[in-house]
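**Student:** Generate coordinates for the sequence data below:
(one chain, ligands or ions: 2)
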Amino acid sequence: MKLSSFAYFAGFGIKTVLFGGKNPILGTVILTDKCNLSCRHCSVNNITAVIHPYQQIMDEMQMLYRMGVRILFFCGGETFLWRDSGKNLRDLVAEARRMGFLIVNVVTNGTFPLDLPEADLILLSLDGDRERHNAIRGDTYDIIMENIRNAASDNICLYMAINQINKGAVRDVCLMARDTKNIRAVSFNFHTPYPDTRELALSREEKAACCQVIREMMRENAPVFNLKSAFPYLINNSFPTPCRQCVVVENGKVSTCGRCIEVEGLCRQCGYFFVAEYTLLFRGNIKIILEMLRTYLKYI
Ligand code: SF4
Ligand code: SF4
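**Tutor:** Ligands and ions are numbered 1, 2, ... in the order given. Next up is the predicted model:
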């Protein structure tokens, strides 16, 4: 991370903690909900299958920038399916950089060639070893691993949503992140139980067991891009929600935190590690602040 970006984020953090600010810093633009997969745990794919137009995406990016967002995520559906007016995902990342976003990340299912060296991180969903990943995401493990091997740069961060199917594969994904070329880190979430996928949620004890494995893997030098100080809050769902410093925009509609905010009662069962990490950070939790400094400077 550039020193100027670090100084900007430090200033934002200090203002937010000291004065209880509610301005956003992290924003997500949903490019489309169209997806080539239909994962077992997913509640958001192909509801409209609309690819949002280039000019609309640009307007949404500018709106987020004006709101104060400096960490931008592009998300789907599947982001690599996005194309419009002769532009593709790579053009959007370049535009975001030109606009002044300080960190630009892309979320993908990894089934398309990974030619995005301009992104700070490509968050690529890998949900276990071959057997468990394929049980959740269809027969995609081998093509994803081939795309990782052939990626244009080493900016890949694996992204695993832990649920009832893959809870025993946390170690496999950590080792994959540690020992595979082009993978810089791995980041976790617990399954957030949308009404149609409640059966995949983990119990408190199962979450605690997964966090214990992640801690052990951190000790074995797995590049985990999460904060272990947040684990007790994630296990007990005792972190504040929603995250006021995060916004998402989909087809012109802005929501605080995530598009899931409208699902009744879901925030109380939120499994998103970033929500715990950010809300605790902006409440001034000292352990989280120190660990976040170390972790972010290491991986971005
Ligand atoms: S790749 Fe992502 S958007 Fe597509 S079905 Fe799977 S979880 Fe949903
Ligand atoms: S469930 Fe609530 S707290 Fe969690 S990501 Fe969605 S909106 Fe945010």
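**Student:** What sits closest to residue 140 if chain neighbours are left out?
**Tutor:** Closest residue to residue 140 apart from its sequence neighbours, by Cβ to Cβ, 6 or more residues apart in numbering: residue 111 at 5.5 Å. In short, each C-beta sits where N, CA and C put it, glycine included.
**Student:** how about the residues of the stretch 1-150 of the chain that lie near ligand 1?
**Tutor:** Residues of the stretch 1-150 of the chain lying close to ligand 1 (Cβ under 6 Å from any ligand atom) are 35, 37-39, 42, 44-45, 76-78, 109.
**Student:** Turn the buried ones among those residues into a named PyMOL selection, would you?
**Tutor:** Buried members of those, defined by 16 or more other Cβ atoms under 10 Å, are picked up in PyMOL with:
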select buried, resi 35+37+39+42+44+45+76+77+78+109
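**Student:** what's the closest of the residues of the stretch 1-150 of the chain next to ligand 1 to ligand 2?
**Tutor:** residue 44 (11.2 Å; Cβ to the nearest ligand atom).
**Student:** was I right about residue 284 contacting residue 17?
**Tutor:** Yes. Proximity of residue 284 to residue 17 meets the contact threshold set by Cβ atoms under 8 Å, at 4.3 Å.
**Student:** Would you map the strands across the stretch 101-250 of the chain?
**Tutor:** 103-108, 121-125, 156-162, 183-190, 246-250 (DSSP state E, counting those that start in this stretch).
**Student:** Skip the chain neighbours and tell me the closest residue to residue 287.
**Tutor:** Nearest to residue 287 is residue 229, by Cβ to Cβ, 6+ apart, at 4.1 Å.
**Student:** Show the contacting residues for that neighbour.
**Tutor:** Shown in contact with residue 229 (Cβ atoms under 8 Å, 6 or more residues apart in numbering): 280, 285, 287-288, 291.
**Student:** Please report the distance of it from ligand 1.
**Tutor:** Going from residue 229 to ligand 1 by Cβ to the nearest ligand atom, to the nearest Å gives 28 Å.
**Student:** One more: residue 166?
**Tutor:** Taken as Cβ to the nearest ligand atom, the span from residue 166 to ligand 1 is 13 Å.
**Student:** what does residue 217 give?
**Tutor:** Taken as Cβ to the nearest ligand atom, the span from residue 217 to ligand 1 is 23 Å.
**Student:** So the spatially closest residue to residue 142 that is not a sequence neighbour versus ligand 2, what's the distance?
**Tutor:** Leaving aside its chain neighbours, residue 142 sits nearest to residue 130 (7.3 Å; criterion: Cβ to Cβ, 6+ apart). For residue 130, the distance to ligand 2 equals 29 Å [Cβ to the nearest ligand atom].
**Student:** Was I right to think residue 130 contacts residue 141?
**Tutor:** Yes. Assessed by Cβ under 8 Å, residue 130 is found in contact with residue 141 at 4.3 Å.
**Student:** In terms of neighbours, single out the busier of those two.
**Tutor:** residue 141 (19 against 15; other Cβ atoms under 10 Å).
**Student:** pretty sure the more buried one is touching residue 127, no?
**Tutor:** No. Using Cβ under 8 Å, residue 141 is not in contact with residue 127, being 9.1 Å away.
**Student:** where do the contact lists of those two overlap?
**Tutor:** residue 133.
**Student:** Do a quick rundown of the helices in this protein.
**Tutor:** Using DSSP state H, the helices of the chain run over residues 3-19, 54-67, 89-99, 130-137, 141-149, 170-179, 204-219, 231-236, 273-282, 286-299.
**Student:** Now render those helices as TSV, adding mean pLDDT.
**Tutor:** As requested, these are exported to TSV (pLDDT from 0 to 100):
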stretch	mean pLDDT
helix 3-19	90
helix 54-67	98
helix 89-99	98
helix 130-137	98
helix 141-149	98
helix 170-179	98
helix 204-219	98
helix 231-236	98
helix 273-282	96
helix 286-299	92
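**Student:** Most tightly packed of those helices?
**Tutor:** Neighbour counts (mean count of other Cβ atoms under 10 Å) averaged over each of the helices of the chain peak at helix 273-282, with a mean of 23.
**Student:** I am finished for the moment; much appreciated.
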